[in-house]
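Peer 1: Below is the sequence, then the predicted model.
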Amino acid sequence: MSSQTDDLAKLTVLDDDGKSIELGTLWHDRTAVLVFVRHFG
Amino acid sequence: MQLHHQIDAIRAAGAELHVIGSGSPSFLAGFREETGWAGPLYTDPSLAVFKAAELKRSVVKTLDPRSLFGAAKALAGGHRQGSTQGDTWQQGGVLVIAKGGGVKWRHASERPGDNAPPDEIITALGTLSTFTTF
């Protein structure tokens, strides 16, 4: 287990409804491809 | 761009693609509208996740309008072409995390337009899953 993903797993993001989601749940059941995007404009 | 079109391949490999943005939650509806993305979408207003993912700092400084889903069009002359292809989005990077944890593949955008090659992502997934589809 990577300690980096242990740290990441505890962080949270917000979904469409503004609900807080723990990142770790994204890769709990299957491989997760996380794509980060920034918005300018 | 290509990742959007590779979603079927990604899911066929037993993985899921999650898009993580950096604005307020109101960004989410706008993103879906501009890009047509209907899959998992989240935002990280504090940038804590961006930072923890250790994406290169140059990502924060670049103002390249190349987007995740409208790369080619966005770069032509640097102006909008009247389409809503989401040319204000910039890919910061990609992390592939195996089920249960562990970073298996990463790409941090180092310069404008330096987006993760979708083929490499699919290949990385192929080495993780029990399927040998690709």
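Peer 2: Noted; the coordinates are in hand.
Peer 1: Nearest the geometric middle of chain A, what residue?
Peer 2: In chain A, the centroid-proximal residue (C-alpha atoms, centre = their mean) is A:L23; its distance is 3.2 Å.
Peer 1: That one and A:D7 touch, don't they?
Peer 2: No. Between A:L23 and A:D7 there is no contact, the gap being 9.6 Å when judged by C-beta atoms under 8 Å. C-beta here means a position set from N, CA and C on the backbone, and glycine is covered the same way.
Peer 1: do you know how far B:K104 is from chain A?
Peer 2: B:K104 is 7 Å from chain A, where distance means C-beta to the nearest C-beta, to the nearest Å.
Peer 1: That residue: what's it in contact with?
Peer 2: Neighbouring residues of B:K104 by C-beta atoms under 8 Å, 6 or more residues apart in numbering or on different chains: A:31, B:96-98, B:124, B:127-128.
Peer 1: Report the residue spans of chain A with pLDDT below the cut-off.
Peer 2: For chain A, the stretches with pLDDT under 70 are A:1-3, A:40-41.
Peer 1: Residue 35: neighbouring residues, count only.
Peer 2: In the absence of a named chain, chain A is used. Neighbourhood size, A:V35 [other C-beta atoms under 10 Å in any protein chain shown]: 23.
Peer 1: Wait, chain B was what I had in mind.
Peer 2: With other C-beta under 10 Å as criterion, B:T35 counts 21.
Peer 1: Now rank the contacts of B:K104 by neighbours and give me the top one.
Peer 2: Neighbour max across the contacts of B:K104 (other C-beta under 10 Å) = B:I97, 29 neighbours.
Peer 1: That one bridge partners, please.
Peer 2: Note on B:I97: beta-bridge partners A:A32, B:V103, judged by DSSP bridges.
Peer 1: Quick check, it in contact with A:R30.
Peer 2: No. Here B:I97 lies out of contact with A:R30, judged by C-beta under 8 Å, at a distance of 10.0 Å.
Peer 1: Kindly report the residues of chain A close to chain B.
Peer 2: A:1-2, A:4-9, A:11, A:13-16, A:18, A:21, A:23-24, A:26-41 (C-beta under 8 Å from any C-beta of the partner chain).
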